[in-house]
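Engineer: Generate coordinates for the sequence data below:
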Amino acid sequence: MERKNLEMEKFIKLLSKREKSMSFRLNPTLKELFEKTCQEEDITPSDCLNYLIIKYLQEKGKL
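Structural biologist: Okay, here's the model as predicted:
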């Protein structure tokens, strides 16, 4: 249980200081599906992408 709390604190800390932006091209169909799915899940696309990036970096042992 404590490990989950530590991971959540780390996640919140990483999300709390967002000063940089990224711009990239995306297939229009993927963009539409992504935005729709985010809306259905009540999460912003930005928060979702940040979460996915954090999980990816954790899997690669970078965080």
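Engineer: Low-confidence stretches in the protein?
Structural biologist: Along the chain, the parts satisfying pLDDT under 70 run over 1-6.
Engineer: hey, where'd the strands end up in it?
Structural biologist: Counting by DSSP state E, the chain has no strands to list.
Engineer: For it, which segments count as helices?
Structural biologist: 2-16, 28-40, 45-59 (DSSP state H).
Engineer: deepest of these, which one?
Structural biologist: Comparing those by mean neighbour count (mean count of other C-beta atoms under 10 Å), helix 45-59 ranks first with a mean of 13. C-beta here means a position set from N, CA and C on the backbone, and glycine is covered the same way.
Engineer: Compute the inter-axis angle for that one and helix 28-40.
Structural biologist: 100 degrees (axes from the mean of the first three to the mean of the last three C-alpha atoms, to 10 degrees).
Engineer: before we move on, back to that, minimum distance to residue 22: which of the helices of the chain has it?
Structural biologist: Closest approach to residue 22 among those (C-beta to C-beta): helix 45-59, 8.3 Å.
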